[in-house]
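Asker: Requesting a structural model of the entry that follows:
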Amino acid sequence: MAPKGDRGPPSMPLLLSNSGRIVNVSSGLGMLEFVPNERVRMELNDVDELSVGRLDDIVNEYLKEVKEENLHDKGWPTQTCAYTISKAAVNAYTRIMAKSHPSLLINCVCPGLIKTDMTSDTGFFSVDVGARGPVMLAMLPEGGPSGLFFQKMEPSTF
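Answerer: The predicted structure is shown next:
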């Protein structure tokens, strides 16, 4: 995850000096509707109270349940579980950082299922189509949206 505290990555001072943009690539599978644990879902959705430290605690709680083979009993996703939790954490981290650094535009985006080596070319969209959302967010004008999740090029719910 991130360094301890809400400071962000080591390159954050460079971004702050130039009103930068941060685009985190995520997935629709990281949407909170795919996290069956209601308590975790509520905590990840509460951007006013959520901190980097608490997010680390949630991820570590998940890892503990993986080791103890308790995912189902503890209400964690059991299909694409690590991918879902990692992307839900990226989405939550995006919101935390956007709140902590209002001079930056920090968003996350699901480019869609892209035809790449990673998907064994089973995706629905070309790399060119998949790049549109991330590039759009990187090129947002000053005062644009921050702390949002985009599906391709449209804002979506977390």
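Asker: Scan the helices and strands of this protein for the one with the lowest mean pLDDT.
Answerer: Within the chain, confidence by mean pLDDT, DSSP states H and E is lowest for helix 12-17 among all helices and strands, at a mean of 59.
Asker: Now the element after that one, going C-ward?
Answerer: Downstream of helix 12-17, the next assigned helix or strand under DSSP states H and E is strand 21-25.
Asker: so what strands line up beside that next one?
Answerer: strand 105-110 (parallel) (DSSP bridges).
Asker: pLDDT averaged over the strand it pairs with - what is it?
Answerer: If you average the pLDDT over strand 105-110, you get 95.
Asker: So which bits of stretch 19-26 are buried?
Answerer: G20, R21, I22, V23, N24, S26 (16 or more other C-beta atoms under 10 Å). The C-beta positions use only the backbone N, C-alpha and C, and glycine is treated the same way.
Asker: from these, which is closest to F158?
Answerer: Closest approach between the buried residues of stretch 19-26 and F158, by C-beta to C-beta: S26, at 9.7 Å.
Asker: Spit out the contact partners of the closest residue in space to the closest one that isn't next to it in sequence.
Answerer: In space, and not counting its chain neighbours, S26 is closest to C108: 4.3 Å by C-beta to C-beta, 6 or more residues apart in numbering. C108 is in contact with V23, N24, V25, S26, V90, N91, T94, L148, F149, F150, counting by C-beta atoms under 8 Å, 6 or more residues apart in numbering.
Asker: what ranges do the strands span in this structure?
Answerer: 21-25, 105-110, 149-151, 154-156 (DSSP state E).
Asker: Serialize those strands to a markdown table and add fields for distance to T122.
Answerer: Below are those laid out as a markdown table (distance: least, C-beta to C-beta, whole Å):
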| stretch | distance to T122 |
| --- | --- |
| strand 21-25 | 18 |
| strand 105-110 | 16 |
| strand 149-151 | 19 |
| strand 154-156 | 23 |
